[in-house]
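A.B. asks: Any chance you could fold what I've pasted below:
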Amino acid sequence: MSLKLGVHTGQQDIDLDELRSLWRYIDEHGWDFISIWDHLYEAPPIDGTSPVFEAVSAMTLLAAETEQVRIGCHVFCMNYRNPALLAKSLLTIDHASHGRVEVGLGAGWHVQEHEGFGYMFPSVKERLDRLEEGVQIIQGMFTREETSFSGQYYSTNQVKLYPRPIQDPIPIVVGGRGEKRTLKIAAQYANGWNVPYINVEEYERLNGVLDEWCEKVDRDPGELERSVNLHMLMGTDDADAARIRELRSGTYRAGGTLSGTPQQAIDTLKRYEESGADRVSIAIRPPVEWEALQSFVEEVMPALRS
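C.D. replies: This next block holds a predicted model:
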């Protein structure tokens with residue numbers, strides 16, 4: 001099976017009409033996946049004044065604007081929504097998209113938006129405890145006719161989810177790079193794992209850690225789809241790539257980038273595939289580099305699918 005290709009479109013600093021045009025373009029040009037993110041303030045943090053659209057409503061719009069690609073959020077912060085209510089919301093989007101939803105879940109990290117919107121920002125341990133409880137509730141609601149769960153932070157009492165999901169089940173992806181808890185939670189409860197913006201050597205190493213956790217929890221490692229997000233810094237040629245890299249200086253994490261010419265991008269993507277990636281999503285920040293995106297479609301995608 002060839003490497004799946006996605007686009008990660010953070011709904012920040014961009015007009016919704018342009019974002020909808022971007023989604024339609026991706027849907028019409030052979031991509032496999034579109035994701036958004038779950039932030040209430042801008043990321044990386046500045047002062048909270050950058051335009052940012054909320055994730056559940058944006059994902060609903062994404063479902064309505066597309067017909068072919070699978071859609072998701074990388075990742076919903078478990079602290080922001082009751083997990084049972086989030087499951088109900090995502091069920092609705094599963095039906096709106098005719099069964100194209102993937103559910104990304106994470107522990108959260110953005111201190112400023114937690115504090116600004118009145119959510120407490122607990123310890124790493126508590127955030128991961130909340131994630132583990134929430135994943136079990138959402139998984140149960142997607143796979144069973146009723147779910148009862150009693151945890152320290154979340155509980156349900158014979159909760160029912162009707163209509164039932166179109167997908168059986170809706171896939172759950174746990175996002176993050178924490179080796180002691182996050183990867184264990186992914187191995188134990190999820191259908192996939194996603195990590196953003198790391199170099200290929202670290203990606204390969206973490207894939208090995210995930211395999212070890214699968215062995216410890218008696219899970220077949222082949223059951224988990226592995227994916228990674230990379231900052232899109234590719235240009236149409238060397239000069240265009242240098243221009244984009246200079247323009248984006250300071251807005252991306254070193255190492256986790258797709259840089260250079262289309263051929264260099266092809267080589268990079270093949271290395272991630274060889275290191276265990278089933279899917280790579282390029283992360284696009286505005287302004288959208290439409291010519292570079294078209295070069296990706298015309299030169300990179302065919303080379304990876306030939």
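A.B. asks: List the buried residues in stretch 166-185.
C.D. replies: Within stretch 166-185, the residues that count as buried by 16 or more other C-beta atoms under 10 Å are 167, 170-178, 181-185. Any C-beta I mention is one placed from the backbone N, CA and C, and that applies to glycine too.
A.B. asks: Which of those residues sits closest to Gly250?
C.D. replies: Nearest to Gly250 out of the buried residues of stretch 166-185 is Arg177 (C-beta to C-beta; 21.9 Å).
A.B. asks: ok, the closest one touching Val195?
C.D. replies: Yes - contact criterion C-beta atoms under 8 Å: Arg177 and Val195 qualify, at 5.1 Å.
A.B. asks: okay, and the common contacts of those two?
C.D. replies: Residues touching both Arg177 and Val195 comprise Leu206, with contact defined as C-beta atoms under 8 Å, 6 or more residues apart in numbering.
A.B. asks: thinking again about what came up before, among the buried residues of stretch 166-185, which are in helices?
C.D. replies: Thr182, Leu183, Lys184, Ile185 (DSSP state H).
A.B. asks: Return the residues in contact with the last one.
C.D. replies: Contacts were defined as C-beta under 8 Å, 6+ apart; by that measure Ile185 touches Leu128, Leu131, Glu132, Val135, Val174.
A.B. asks: Could you identify which of those has the most neighbours?
C.D. replies: Using other C-beta atoms under 10 Å as the neighbour test, the contacts of Ile185 are led by Val174, with 30 neighbours.
A.B. asks: The nearest residue to it once chain neighbours are set aside and Glu299, how far apart?
C.D. replies: Using C-beta to C-beta, 6 or more residues apart in numbering and skipping residues adjacent in sequence, the residue nearest Val174 is Ala186, 3.9 Å away. The gap separating Ala186 from Glu299 is 33 Å, by C-beta to C-beta, to the nearest Å.
A.B. asks: Looking at the two, which has the bigger crowd around it?
C.D. replies: Legend: neighbour count by other C-beta under 10 Å for Ala186 and Glu299, higher for Ala186 (28 against 16).
A.B. asks: State the distance from that one to Val195.
C.D. replies: Ala186 is 10 Å from Val195, by C-beta to C-beta.
A.B. asks: Also Gly176?
C.D. replies: From Gly176 over to Val195 (counting by C-beta to C-beta), the distance is 7 Å.
A.B. asks: which residues of the stretch 201-306 of the chain fall in strands?
C.D. replies: 225-234, 257-260, 279-284 (DSSP state E, counting those that start in this stretch).
A.B. asks: Can you dump the C-alpha atoms of the shortest one in CSV for me?
C.D. replies: Below are the C-alpha coordinates for strand 257-260, written out as CSV (Å, rounded to 0.1, in the frame of the first residue of the first chain):
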residue,chain,number,x,y,z
THR,A,257,9.7,20.0,7.9
LEU,A,258,9.1,19.1,4.3
SER,A,259,11.6,21.5,2.6
GLY,A,260,13.3,22.2,-0.7
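A.B. asks: all strands for the stretch 51-200 of the chain, in order.
C.D. replies: With DSSP E, counting those that start in this stretch, the ranges of strands along the stretch 51-200 of the chain come out as 70-77, 101-106, 146-150, 155-160, 172-175, 192-196.
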